[in-house]
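> Curious how this folds, go ahead:
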Amino acid sequence: MRILLVEDHTELSHWLAKALRDAHLTVECADNGADADALLHTQDYALVILDLTLPRMDGLEVLRRLRARAAPRGQTPVLILTARGGLDDKVQGLNLGADDYLAKPFELAELEARVKALLRRSVGNESLVHHCGALSFDTVTRMFSYAGTPMALTPREHAVLEALITRAGRAVSKEKLFDEVFALADDANLDAIELYIHRVRKKLDSGVAADAPGGAIITTLRGIGYLLQPRPAQPAA
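Numbers count the residues shown, from 1 in each chain. Predicted coordinates for the structure are as follows:
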């Protein structure tokens, strides 16, 4: 899941971005309201964390413009994170369409809990646990397990596998995977997706024996993308 963090305090932005990436989220950062507005006009995000006191455009104006856009982009969940914690500011932010409001200073554990709650809410009636054969992904804990054993994944491996398991049985294009795995500022190209697909395949192959039932495989569909599906049953000897 890709999050836009809009915060003009450089040290705080870096600290928050690292914490969110450690929670297996892809984070893009904007340090002013105008850049945030431009990104929200062209990019899709699972959540926006928005400061209010921003250079070049106030956070409330960024929020107002976002909510004026057509669905689904205009319905992107927004968590306001700001030092402006007065009642009037909270009421105005919520009335403009913010989904949550957290005043600075704050505890990281509370922010992470609110982020998880908004992300769960954004998927609506979708299952909280996704399955593909012996592979499962819990959207609350954001953990993968394979044949009952937790998987050790890097943040980008996690992002690749999350994008695939939430669309299990459907082809996912390389371009879509790239958008969900890499932030705009990352120095990477489409070929990098092949590297992470290779790494995830190796971990899936090592997690369940090749001839065991219930495994999961990633199939390459030439010119289309990648498909996560249960491993076909082996024919009887």
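
> Go through the top helix by length along the chain and flag the buried ones.
Assignment by DSSP state H gives helix 191-207 as the longest helix of the chain. The neighbour-count check on helix 191-207 (16 or more other Cβ atoms under 10 Å) flags 192-193, 196-197, 199-201, 204, 207 as buried. In this view, the C-beta of every residue, glycine as well, is placed from N, C-alpha and C.

> Columns pLDDT and distance to residue 165 on top of those, output as JSON lines?
Shown next, in JSON lines, are those (pLDDT from 0 to 100; distance: Cβ to Cβ, whole Å):
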{"residue": "192", "pLDDT": "93", "distance to residue 165": "20"}
{"residue": "193", "pLDDT": "95", "distance to residue 165": "16"}
{"residue": "196", "pLDDT": "95", "distance to residue 165": "14"}
{"residue": "197", "pLDDT": "96", "distance to residue 165": "13"}
{"residue": "199", "pLDDT": "95", "distance to residue 165": "16"}
{"residue": "200", "pLDDT": "96", "distance to residue 165": "10"}
{"residue": "201", "pLDDT": "94", "distance to residue 165": "14"}
{"residue": "204", "pLDDT": "92", "distance to residue 165": "11"}
{"residue": "207", "pLDDT": "69", "distance to residue 165": "14"}
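
> The longest helix of the chain: what's the following helix or strand?
strand 216-221 (DSSP states H and E).

> returning to that earlier point: ok, so of the buried residues of helix 191-207, who is nearest residue 22?
The closest of the buried residues of helix 191-207 to residue 22 turns out to be residue 196 (Cβ to Cβ; 17.8 Å).

> hang on, isn't the closest one packed against residue 157?
Yes: using Cβ atoms under 8 Å as the test, residue 196 is close enough to residue 157 to be in contact (5.8 Å).

> pretty sure residue 226 belongs to a helix, no?
No: going by DSSP: H, G, I helix; E, B strand; the rest coil, the assignment for residue 226 is strand, not a helix.

> distance of it from residue 183?
20 Å (Cβ to Cβ, to the nearest Å).

> So for the two, which sits in the more crowded spot?
Legend: neighbour count by other Cβ atoms under 10 Å for residue 226 and residue 183, higher for residue 226 (23 against 16).

> Quick one, grab the pLDDT at the more buried one.
As predicted, residue 226 sits at a pLDDT of 96.

> contacting residues around it?
164, 171-172, 174, 177, 197, 218-220 (Cβ atoms under 8 Å, 6 or more residues apart in numbering).

> and with 10 Å instead?
The neighbourhood of residue 226, defined by Cβ atoms under 10 Å, 6 or more residues apart in numbering, consists of 160, 163-164, 167, 171-174, 176-177, 193-194, 197, 200-201, 218-220.
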